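Colleague: quick check, what structure comes out for this input:
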Amino acid sequence: MLAITHIPSPAMQQCELTFLARAPIDYALAVEQHEQYCRMLGRCGAAVKVLDANRQMPDCCFVEDTALVLDELAIMMSMGAAARRGERPAIESELRKHRNVSRIETPALIDGGDILQVDRKLLVGLSSRTNAAGAAALQAIVEPHGYTVTAVPVLRCLHVKSACTALPDGRLLVNPNWIDVTALCGRDLVSVPPEEPAAANVRSIGQTVCLPVAFPRTAELIARRGFAVETIDLSEFAKAEGGVTCLSLLISWM
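Modeller: Numbers count the residues shown, from 1 in each chain. Here you go, the predicted model:
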């Protein structure tokens with residue numbers, strides 16, 4: 001598996017924010033945490049590619065939002081924040097080394113952080129960054145490849161993956177207060193502890209689950225289910241409404 005990442009921007013302090021008040025970001029610490037993140041991905045078995053093409057763009061490290069990568073193709077997103085759309089060409093250029101690429105364009109809006117793949121199902125958050133036209137445009141691209149798209153209303157967070165990600169066994173780790181869980185196709189759900197509302201964003205690689213060190217109760221909950229757990233300090237990225245999934249694009253080797 002290949003993990004594409006991007007170094008943080010020195011302008012990260014000017015990142016897009018929707019739900020959080022702006023707080024000072026320690027850039028040097030963010031760079032250090034990003035390096036630790038890349039090493040963590042490597043320990044989980046991924047080959048890590050670190051890009052440095054969009055340094056001037058405040059949100060460039062959050063590469064997940066730019067694209068969706070499936071086995072059959074990659075799809076460039078039409079990102080909900082207009083200021084972020086300039087990130088796409090450099091990411092598309094990298095993805096073309098590994099996949100054929102399709103694109104979604106405005107007025108359809110969709111962020112990669114609003115797409116959760118579970119087998120051949122794509123759960124698509126309807127959020128402040130993703131609209132119904134974006135979900136419909138994605139469906140038109142992926143249906144010929146055998147994928148289904150289900151819309152999931154996002155209620156109190158940035159993206160669907162802020163409140164719902166998949167564990168290695170296919171169960172969904174969720175914060176049921178932040179999304180409409182009735183849209184989750186009858187999946188087996190595991191709720192995060194109420195005192196850790198942002199802990200549902202985890203990155204599963206094989207049988208290992210990666211999550212921020214800030215969520216020890218959720219880490220314990222996952223470990224009790226028999227999975228290896230990797231924790232990492234992502235404090236500076238959390239100030240930018242970022243989590244453990246949004247810092248990488250994972251590409252399966254073909």
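
Colleague: ranges for the strands of the stretch 151-254 of the chain?
Modeller: Using DSSP state E, counting those that start in this stretch, the strands assigned to the stretch 151-254 of the chain run over residues 164-166, 172-174, 189-191, 203-205, 208-212, 228-232, 249-251.

Colleague: in its sheet, what does the last one sit against?
Modeller: Taking DSSP bridges as the criterion, strand 249-251 sits next to strand 2-6 (antiparallel) in its sheet.

Colleague: for the next helix or strand after the partner strand, name the packing helices and strands.
Modeller: The helix or strand immediately downstream of strand 2-6 is helix 27-43, counting by DSSP states H and E. Helix 27-43 sits against strand 2-6, strand 47-51, strand 228-232, helix 235-238, with contacts defined as 3 or more Cβ pairs under 8 Å, 6 or more residues apart in numbering; DSSP states H and E. C-beta coordinates here come from the backbone N, C-alpha and C atoms, glycine included.

Colleague: can you list contacts of the shortest one?
Modeller: Read that as helix 235-238. 8, 12, 25-27, 29-30, 33-34, 61, 198, 212, 214, 243, 246-247 (Cβ atoms under 8 Å, 6 or more residues apart in numbering).

Colleague: what of stretch 39-51?
Modeller: Residues contacting stretch 39-51 (Cβ under 8 Å, 6+ apart): 1-7, 38, 63, 90-91, 94, 205-206, 208, 210, 230, 232, 248, 250.

Colleague: can you do 10 Å?
Modeller: The contact list for stretch 39-51, computed with Cβ atoms under 10 Å, 6 or more residues apart in numbering, reads 1-7, 34-35, 37-38, 60-61, 63, 90-91, 93-94, 97-98, 203-210, 228, 230-232, 244, 247-251, 253.

Colleague: just for the stretch 151-254 of the chain, where's the confidence low?
Modeller: Applying pLDDT under 70 to the stretch 151-254 of the chain flags the ranges 254.

Colleague: want to throw the helices and strands packed on helix 27-43 into JSON lines with distance to residue 152 and mean neighbour count?
Modeller: Below are the helices and strands packed on helix 27-43 laid out as JSON lines (distance: least, Cβ to Cβ, whole Å; neighbours: other Cβ atoms under 10 Å):
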{"stretch": "strand 2-6", "distance to residue 152": "25", "mean neighbour count": "23"}
{"stretch": "strand 47-51", "distance to residue 152": "29", "mean neighbour count": "15"}
{"stretch": "strand 228-232", "distance to residue 152": "26", "mean neighbour count": "17"}
{"stretch": "helix 235-238", "distance to residue 152": "22", "mean neighbour count": "20"}
